[in-house]
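>>> test case, fold it:
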Amino acid sequence: MNKVVHFELPSEDRERAKKFYALVFGWNMEDMPHKDDVYTFAITTPVDDHYMHTEKGAINGGIFKKESALQHPVVTIEVPSIDDHVKLIEQAGGQLVVPKGEVPDMGYYAYFRDTEGNVMGLWENKAKG
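Got it, this is the predicted structure:
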């Protein structure tokens, strides 16, 4: 069974969103350069050096710039292979909307649309070694 490991919140104004979630829920925010922009980690529970949660059952999230394909909150599911799961998604009637990309030293991500029109995320941890 593949588990939910992350959530993402698209924003039109990142600083406004960061301030809101920090004030209302006490989340810590940490910006990280990503591609030509910034990705903000929304830390809701303690993390290790790779920003992975350390409490069983807890997840952390992120805030990013709203894009045409990513307009609503996204739930991210960890899978052993994004490539294999994209094939399964397409066979089941879903479609890839953002191809596999890399987060250096952490892993890989992609986004897909399910048969109901929901955009969801995929996460594949980078092999340790």
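>>> quick one: residues contacting Leu96.
Val86, Ile89, Glu90, Ala110, Tyr111, Phe112 (C-beta atoms under 8 Å, 6 or more residues apart in numbering). Where you see a C-beta, it was placed from the backbone N, CA and C, and this is true even at glycine.
>>> change it to 10 Å
For Leu96, the contact set (C-beta atoms under 10 Å, 6 or more residues apart in numbering) comprises Ile82, His85, Val86, Lys87, Ile89, Glu90, Ala110, Tyr111, Phe112, Arg113, Leu122.
>>> mind listing what the closest residue to Gly62 other than its chain neighbours touches?
Nearest residue to Gly62, sequence neighbours excluded (C-beta to C-beta, 6 or more residues apart in numbering): Glu8, at 4.9 Å. Residues counted as contacts of Glu8 (C-beta under 10 Å, 6+ apart) are 39-40, 42, 61-64, 70, 72-76, 109, 111, 119, 121.
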